[in-house]
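**Q** Here is my input; please provide its structure:
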Amino acid sequence: MAFSRARTALILAGLAILVTLSSRQAMACACGCGVFDVGTASLFASGAGGTIYFEDDFMNQRQDWHGNASAPSLANPDRKIRTNFMTLGGQYMFNRSWGVMAQLPVWQRHFATVNAGALNRFDHTALGDIRLMGIYSGFSGDMSTGLIFGTKLPTGDSSFKGFDADTEIGTGSTDLLLGLYHQGALDQDANWIWYGQLMSDTPVLHRPGYQPGAEVDGALGAYYNSWYVGAQSKVAPMLQILASVRMADHGSLADPPNSGYSRLLLAPGLEFDTGRIRIYGDIELPIYQDVRGYQLIAPEQFKVVVSYAL
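**A** Numbers count the residues shown, from 1 in each chain. Coordinates of the predicted model:
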């Protein structure tokens, strides 16, 4: 019991630190898509075996923002960054303690910006940066706490003409990934489940002229676990708070004065679980955003995940 309380306290303390960091001093690049890597509780390790999944995230950055308020569009030459993030992923637990995870992303991006008085539009679809990770869930017998560690590889296209360095599909960097998650029951009958997750992304090698900023993303949520439809299927309504902090980009190709923000999002969602197949979807709505300089933000974001247990 004491160990369980210590784990819970560790998760809550980490999320509290993350929220505290959400201030004007924090910085981030134009995308902020790292928040999509947290908050999918159904993909936490729950036993030996494998899972494959397809995730589709959508973000339409079309609203100019400065500090924590909207800004006139004339202050920013960029007009729109619309992206569909498609990811094929899989994880396999060799036993109740150790496993591996891989993510193969493909991005479809539309970028509209003003250059020399003319509006230019660019469209590009390409492979993104592949992620390879290990999982350790042996802290307890119920696998409720896990550690995720690995790397992001520079496989994405980072040289498409017309895109800025911070809007390229690939960052051109090799990053270290480190994450922690925990889930537990809110009541004695485990009708309500809560979960917390933190994930950090730290570039360690980068291409000449552009060094993306380090990023930390977190999620704190809960869902109802006892709404049955038929004999085996369940529907689980969820609600979570997502937080992101990313440091400034650097280099001759970067734009540090306009490359930073922190934010909090509220994400109501729903999951349908048949035992082997799970379908999850949510809408992520900003409740606080504070950007450095002038940037485009998305008034809403969408996520859909379909997974299959092998």
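**Q** rest of the way, CA atoms for contacts and neighbours
**A** Noted.
**Q** Tell me the secondary structure at Pro257.
**A** Using DSSP: H, G, I helix; E, B strand; the rest coil, the secondary structure recorded for Pro257 is helix.
**Q** residues contacting it?
**A** Taking Cα atoms under 8 Å, 6 or more residues apart in numbering as the definition of contact, the neighbours of Pro257 are 292-293.
**Q** For the remainder of this discussion, apply numbering that starts at 15.
**A** Sure thing, new numbering starts at 15, so read that last one as Pro271.
**Q** Residues contacting stretch 138-156, please?
**A** With contact meaning Cα under 8 Å, 6+ apart, stretch 138-156 is reached by 59-60, 107, 110-124, 157-171, 174, 183-185, 191.
**Q** Show me the helices in this protein, by range?
**A** 16-35 (DSSP state H).
**Q** any weak-confidence spans in it?
**A** When the per-residue scores of the chain are filtered using pLDDT under 70, the ranges that remain are 15-46, 49, 53, 55-57.
**Q** beta partners of the residue lying closest to Gln117 once chain neighbours are set aside?
**A** The spatial neighbour of Gln117 that comes closest, neighbours along the chain excluded (Cα to Cα, 6 or more residues apart in numbering), is Gly103 at 4.3 Å. On the basis of DSSP bridges, Gly103 is bridged to Tyr67, Gln117.
**Q** contacting residues around Gly103?
**A** With Cα under 8 Å, 6+ apart as the criterion, the residues that contact Gly103 are 66-69, 115-118.
**Q** The same query, at a cut-off of 6 Å, please.
**A** The contact partners of Gly103, taken as Cα atoms under 6 Å, 6 or more residues apart in numbering, are 66-67, 116-117.
**Q** With neighbour count and distance to Asn74 as extra columns, can I get these in TSV?
**A** Shown next, in TSV, are these (neighbours: other Cα atoms under 10 Å; distance: Cα to Cα, whole Å):
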residue	neighbour count	distance to Asn74
Ile66	19	27
Tyr67	19	23
Ala116	20	26
Gln117	21	22
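**Q** which of those residues lies closest to Trp208?
**A** For these, the residue nearest Trp208 by Cα to Cα is Tyr67; the value is 22.2 Å.
**Q** Looks like that closest one contacts Val320 (just checking).
**A** Yes: here Tyr67 lies in contact with Val320, judged by Cα atoms under 6 Å, at a distance of 5.5 Å.
**Q** Measure how buried the residue nearest to Glu182 when sequence neighbours are not counted is and give me the count.
**A** Using Cα to Cα, 6+ apart and skipping the chain neighbours, the partner closest in space to Glu182 is Ser172 (5.2 Å). Taking other Cα atoms under 10 Å as the neighbour definition, Ser172 ends up with a count of 22.
**Q** So Ser172 versus Tyr224, what's the distance?
**A** Applying Cα to Cα, to the nearest Å, one obtains 10 Å for the distance of Ser172 from Tyr224.
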